[in-house]
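# I'd like to go over a predicted model; first the sequence, then the structure.
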Amino acid sequence: MLAFKTVQQNYQPTDVTLRLLDEFRSMVNDCLRIGLQENVTSLKALSLRAYRHLARYDALSYYRLCAISGLHRNRPKSRQRNHSRHSWRNNWL
């Protein structure tokens with residue numbers, strides 16, 4: 001049996017924080033949509049295609065890069081375990 005320790009925090013995010021999180025989520029969704037539509041298999045190709053589309057968001061360039069690289073970095077670990085050569089795109093379907 002595993003034991004977990006939990007901590008409860010009472011936090012009410014401000015409207016600004018919620019707006020920023022929603023904007024970042026939209027940026028990540030746009031990156032994912034672009035990657036799937038254009039059959040992108042590498043981080044470099046995704047970055048080249050998606051970066052200019054993210055210019056419409058009022059966000060720092062650092063956040064644009066985080067939205068792009070977050071998709072590639074956070075893909076499921078099954079690809080690494082199976083040692084397959086499939087693109088990260090296949091893991092999201």
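Thanks, I have the structure now. The shown structure was predicted, so the numbers you read here are calculated from the model rather than taken from an experiment.

# Flag every buried residue along whatever helix or strand I68 lives in.
Element membership for I68 (DSSP states H and E) is helix 61-73. By neighbour count on 16 or more other CB atoms under 10 Å, the buried set for helix 61-73 is R64, A67, I68, L71, H72. Where C-beta positions appear, they are placed from N, C-alpha and C, glycine not excepted.

# Pull stretch 23-32 out as PDB, backbone CA atoms only.
Written as PDB, here are the backbone C-alpha positions of stretch 23-32 (Å, rounded to 0.1, in the frame of the first residue of the first chain):
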ATOM      1  CA  GLU A  23      -4.200  32.400 -23.300                       C
ATOM      2  CA  PHE A  24      -1.400  30.000 -22.800                       C
ATOM      3  CA  ARG A  25      -3.700  27.000 -23.200                       C
ATOM      4  CA  SER A  26      -4.900  28.500 -26.400                       C
ATOM      5  CA  MET A  27      -1.300  28.900 -27.600                       C
ATOM      6  CA  VAL A  28      -0.600  25.300 -26.900                       C
ATOM      7  CA  ASN A  29      -3.800  24.200 -28.600                       C
ATOM      8  CA  ASP A  30      -2.800  26.200 -31.700                       C
ATOM      9  CA  CYS A  31       0.600  24.600 -31.700                       C
ATOM     10  CA  LEU A  32      -0.900  21.200 -31.500                       C
END
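
# List the buried residues for it?
Within stretch 23-32, the residues that count as buried by 16+ other CB under 10 Å are F24, M27, V28, D30, C31, L32.

# can the buried residues of helix 61-73 go into TSV with extra columns for pLDDT?
Shown next, in TSV, are those (pLDDT from 0 to 100):
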residue	pLDDT
R64	90
A67	90
I68	89
L71	71
H72	63
